[in-house]
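# give me a model of this one.
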Amino acid sequence: MAKDKILAPEDVFHEAESYLNKEDVGFIKRAYEFAEKAHEGQFRKSGEPYIIHPVQVAGILVDLKLDPETVAGGFLHDVVEDTEYTLEDISAAFNEEVAMLVDGVTKLRKIKYMSKEAQQAETHRKMFIAMAKDIRVILIKLADRLHNMRTLKHLPAEKQRRISNETLEIFAPLAHRLGISAIKWELEDTALRYLNPQQYYRIVHLMKQKREERVHYIDEVMEEVKRQLKDVDIKAELSGRPKHIYSIYRKMMLQKKQFNEIYDLLAVRIIVSSIKDCYAVLGIIHTCWKPMPGRFKDYIAMPKPNLYQSLHTTVIGPKGAPLEVQIRTQEMHEIAEYGIAAHWAYKEGKNASQQSNEERLAWFREILEWQNDATDAEEFMESLKVDLFSDMVYVFTPKGDVVELPRGSVPIDFAYKIHTEVGNHTIGAKINGKIEPLDYQLKNGDIIEMMTSKHSYGPSQDWLKLTQTSQAKNKIKQFFKKQQREENVSKGREMVEQELRAAGFEPKELMTEEQLKTVLEKFSFTTEADMFAAVGYHGITAAQIVTRLTEKIREQQEKDKAIEETIEEVNASGQSMRKKAKGESGVRVEGVDNMLIRLARCCNPVPGDKIVGYITKGRGVSVHRADCPNVQTDHIKERLLEVKWENEQSEKRSYHVDLEISGYDRQGLLNDVLQVINEAKTNIMAVNGRSDRQKIAVIHINILIHNNQHLKKIVDRLKQIQDVYTVERTIQ
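Below you'll find the predicted structure:
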């Protein structure tokens, strides 16, 4: 994957032609043309045309040799989020499969959230659920994040740190989980460059200092290995494996080591044609150089859950320096670099790939189950991080099957990983043939045999504190939901009522059918019993329910308080100011006297217009036209008041009005407009005009009028002027 080269669309098509047929290449070309049209006129922070980004994302996906729908999704991944086009448009232009992939990576921006963190968590939850249904969603997202990281220098420092931190927390571990090391390492190294530039460049400098020495050493080792392999007629491809900066940084930080204490800075990778040759090469390596104790790992016999297979050994090489050697087949190498993406490669066919990897991807299927038990997106992400981003331990069943669990897991986690009923009926555990307590922390290589009983009363509440995996915690919670539902419903209702009384509210007044229905919809519960049961078993807090039940009352209280504060401010400013303000505006607030009132300049309301009052902070009430866009948002509507004109037909006062007059740009048009207004005996406060190449003239004019009827007469006269097309009242 070229980091620095900016791919042109033709480069992507050319690479696609190496493994796709003409029809499929035509399909992704249509996706590019669609994206180019949709993003026309849009630019990135770097100043480049926006379409460059989708092209690079699609380029990363064709490097992975993914199917045409995924590559098309790469071209189209930002269309719904950043343009006028919808998922329905994409589905109609391509197919539902492409639309589903695009939807999976589209951020949630049209929904309002309490905080940016909540919105981000909800977006991630949406992406993970889509990923659990189709793994290609995350492949597009990883390609998108990879290119964004490559161009991060164009963003402010604060954003660079936030995005880099998110990359290390979520996307790099995801790439690792999927086995895509080609993307994982670059994401980690780039993120470190922005999060800790001092350490990053220090390691780069240290690596450069002895680069020539290391290259010479590796060349010497490879020549020796080639001679040995030639003697036994094994064909192999050898290369020096570069050590990644973030990997060195982590070892230095976690193991408190200096740079020169990192053993695997020097590494050789040997790729052979068969598994038999892998073990033959291992024997030759151990014959040539002495292996270091405890540094041999056989990931061929016991593959990692992310599909990774290879033999790893560290030996004392020439000159006494530690040397790491990795031995694998070509197929293993492709999986090591591209992970699950290698199994989605177009050449294997999607259906076959899905079937062959169904068991290996069981973890992602569990995501759908987890999200049903999470009360909100932030809780979902926290539970997900435990399983996704923890260091892992690998233990065995009595039959020798490998089970992967987060570090710190206990036998109960293992039991629920095997089966729900095994977990629910657990009474003890044997570790390596010896009975151990249920809080025993599992270690790599442990052989675990669970002890169960049909007469078990089920899990204990204390197990929730012991377990590490989200799967175990959720299964235990589900057990208590079923066993104690009635008790939890009663307990939950009582907790909500107590919370309401503590907040100074009467439960009967607020816990009406209509109010509770609103809360059910908010938290996605089907019935009141489900909601109160969730409160009873602490799946959701009583405070969260009460916050929703009292929302409207609190909003009204804040509104009333704002009115009182405004009246107090007016009283403090003196009676003369109040009289003057009221007299000048010609507007009164319903039910309130002596209110400081001013007419909004953005829409310049006049008698006869439908109006609303907006409670400002420190400047009384601002009166707007009811159709003014500045008072249409939900936040503003909370502070609106009912106001009325004192006398809609009065001609004692004058009001500003902005008009926009458009017409054919002929000589004398402006004079005709000014003459009509003068004849109406109306003062002109400001006027300006312009015309374009199509000879369309636009005149903006501010005049004083008495009321809506007065304005209508002037507008009607203006419309009668020859070559005038439109006369409109404007809002600033």
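
# number of nearby residues for the spatially closest residue to Arg666 that is not a sequence neighbour?
Using Cβ to Cβ, 6 or more residues apart in numbering and skipping residues adjacent in sequence, the residue nearest Arg666 is Asp723, 5.5 Å away. Glycine gets a C-beta too; all of them are placed from N, C-alpha and C. Around Asp723 there are 12 other residues, counting by other Cβ atoms under 10 Å.

# His14 now?
Using other Cβ under 10 Å: His14 sits among 13 other residues.

# assumed it was part of a helix.
Yes: assessed with DSSP: H, G, I helix; E, B strand; the rest coil, His14 lies in a helix.

# state the distance from it to Lys65.
Relative to Lys65, His14 is positioned 13 Å away (Cβ to Cβ, to the nearest Å).

# can you give me the strands in the stretch 551-700 of the chain?
Here the stretch 551-700 of the chain has its strands, by DSSP state E, counting those that start in this stretch, at 587-589, 597-599, 611-615, 621-625, 640-641, 643-645, 655-664, 684-691, 696-705.

# which one, of those, ends up nearest to Glu421?
strand 640-641 (58.0 Å; Cβ to Cβ).

# so what's the closest residue to Ala8 other than its chain neighbours scoring on pLDDT?
Leaving out its chain neighbours, the residue that sits closest to Ala8 by Cβ to Cβ, 6+ apart is Val55, at 7.2 Å. pLDDT, Val55: 95.

# isn't Val55 right up against Tyr32?
Yes: assessed by Cβ atoms under 8 Å, Val55 is found in contact with Tyr32 at 7.2 Å.

# shared neighbours of those two, anything?
Both Val55 and Tyr32 are contacted by Pro9, Val12, Phe75, under the criterion Cβ atoms under 8 Å, 6 or more residues apart in numbering.

# any idea which element Ile284 lies in?
In the assignment (DSSP states H and E), Ile284 maps to helix 275-288.

# name the residues that touch that helix?
With Cβ under 8 Å, 6+ apart, helix 275-288 has contacts from 224-225, 228-229, 232, 234, 236, 270, 272, 291, 300, 311, 313, 315, 325, 327-329.

# which SS class is Ile271?
Classified using three-state DSSP, Ile271 is strand.

# quick one: it and Arg241, what's the gap?
Ile271 is 11 Å from Arg241, by Cβ to Cβ.

# between the two, which has more neighbouring residues?
Ile271 (22 against 14).

# does Leu323 fall in a helix, a strand, or a coil region?
strand.

# hmm, Ala267 and it touching each other?
Yes: if you go by Cβ under 8 Å, Leu323 and Ala267 touch, sitting 7.2 Å apart.

# restrict stretch 48-67 to CA atoms and write it as PDB.
The C-alpha trace of stretch 48-67 is given here as PDB (Å, rounded to 0.1, in the frame of the first residue of the first chain):
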ATOM      1  CA  GLU A  48      -7.700  19.400  -2.600                       C
ATOM      2  CA  PRO A  49     -11.000  18.500  -4.300                       C
ATOM      3  CA  TYR A  50     -12.900  16.200  -2.000                       C
ATOM      4  CA  ILE A  51     -13.200  13.400  -4.600                       C
ATOM      5  CA  ILE A  52      -9.500  12.600  -4.000                       C
ATOM      6  CA  HIS A  53     -10.300  11.100  -0.600                       C
ATOM      7  CA  PRO A  54     -12.900   8.500  -1.900                       C
ATOM      8  CA  VAL A  55     -10.500   7.600  -4.800                       C
ATOM      9  CA  GLN A  56      -7.700   6.800  -2.200                       C
ATOM     10  CA  VAL A  57     -10.100   4.800  -0.100                       C
ATOM     11  CA  ALA A  58     -11.200   2.700  -3.100                       C
ATOM     12  CA  GLY A  59      -7.500   2.300  -4.000                       C
ATOM     13  CA  ILE A  60      -6.800   0.800  -0.600                       C
ATOM     14  CA  LEU A  61      -9.700  -1.600  -1.100                       C
ATOM     15  CA  VAL A  62      -8.500  -2.800  -4.500                       C
ATOM     16  CA  ASP A  63      -5.100  -3.400  -3.000                       C
ATOM     17  CA  LEU A  64      -6.900  -5.800  -0.700                       C
ATOM     18  CA  LYS A  65      -8.500  -7.300  -3.900                       C
ATOM     19  CA  LEU A  66     -12.000  -6.900  -2.500                       C
ATOM     20  CA  ASP A  67     -15.300  -7.500  -4.400                       C
END
